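In: Model the structure of this input:
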Amino acid sequence: MRFRSRGGRSGGSGKGSQSSSKPLSIQSSIVSGSTGPSSGPRGLIRLRYPVLPNGDDDLVNLIAIEPVVSGRRRFSELEWSELDGMRGKRLWARDPGTPVGPTTELPAGCLTRLDTGAKCLTIDVAVERFENGAHVGLTLTQRSDAPDELELTLHREPDSAPIEYCILTATMGNKARTRQLWLRNEVARRLDFWPSYKDAEFTPHRLFPLDRLTHHVHILEIVGDSYRLKSSLEKGKEEQE
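Out: All right, here's what the predicted structure looks like:
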């Protein structure tokens, strides 16, 4: 699912200032994972913002949903959908208070006015149930006095398994491809591995042997039973029984 925030920058400083350039709106659609601005891994909330020339939008970040149930963490962009058999959980937008079932309709959202006079636009995002039993939803909120900000609130659906915690991960911190990996005798750069890659999918894996990953570290060999490993194995046996 992608959301396009078209609030523009605040027209003044301090609370209560109104946007002077662009209307308050959040647009969404089901991700097909094939072509166009919604291409790339599915099961992610796509955030777009007018940062290109002439006010055109560009993808600025991806938000993944990762619930943890009984120590089992699941990932919305990696888990297979039970609705259509494709990788990536299905997400769909809906107006607050409407049924949770999948839909391709674009909601208008709920627009209210706060005591400060600022407008507040709210849209709910339904998420397909995860394999670990987690069933969550999100509420996205944008305010006219802070149009560059998007608030995401998680909630557990009534039929969900008990959730220990749920993580929202911003997964697109390396869009500029400026990260560096400090190895033992060299500094590896992303552009060295994939110089011509411009797709929106995951890049091919690159593996490094342990002897190349020892930059300013010491390798310790620990002999004996691991309490954490033993506890994890016992928990796994209990779940199977």
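In: By mean pLDDT, flag the weakest helix or strand of this protein.
Out: strand 26-29 (a mean of 39; mean pLDDT, DSSP states H and E).
In: Kindly report the domain assignment for this structure.
Out: 2-170, 180-240 (automatic domain parsing).
In: CA atoms only for stretch 69-83, dumped as PDB, please.
Out: Taking Å, rounded to 0.1, in the frame of the first residue of the first chain, the C-alpha atoms of stretch 69-83 are listed here in PDB:
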ATOM      1  CA  VAL A  69       3.700 -13.500  19.300                       C
ATOM      2  CA  SER A  70       5.200 -16.000  21.700                       C
ATOM      3  CA  GLY A  71       8.600 -14.900  20.700                       C
ATOM      4  CA  ARG A  72       7.900 -15.400  17.000                       C
ATOM      5  CA  ARG A  73       8.500 -12.300  14.900                       C
ATOM      6  CA  ARG A  74       6.800 -12.000  11.500                       C
ATOM      7  CA  PHE A  75       7.500  -9.500   8.600                       C
ATOM      8  CA  SER A  76       4.700  -8.000   6.500                       C
ATOM      9  CA  GLU A  77       6.800  -7.800   3.400                       C
ATOM     10  CA  LEU A  78       8.300 -11.300   3.600                       C
ATOM     11  CA  GLU A  79       5.400 -13.500   4.700                       C
ATOM     12  CA  TRP A  80       3.200 -15.100   2.100                       C
ATOM     13  CA  SER A  81      -0.400 -13.900   1.700                       C
ATOM     14  CA  GLU A  82      -3.200 -16.400   2.400                       C
ATOM     15  CA  LEU A  83      -5.500 -14.400   0.200                       C
END
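In: So what touches it?
Out: With contacts defined as Cβ atoms under 8 Å, 6 or more residues apart in numbering, stretch 69-83 is touched by 41-44, 62, 64-68, 86-91, 102, 127-134, 161-164, 167, 171, 232, 235, 239. No exception for glycine: its C-beta is placed from N, CA and C like everyone else's.
In: Mind checking which of those land in strands?
Out: Among these, the members falling in strands (DSSP state E) are 62, 64-68, 91, 127, 167.
In: Closest one of these to residue 155?
Out: residue 127 (10.4 Å; Cβ to Cβ).
In: If you tally nearby residues, what's the number for that closest one?
Out: Using other Cβ atoms under 10 Å, residue 127 has 24 neighbouring residues.
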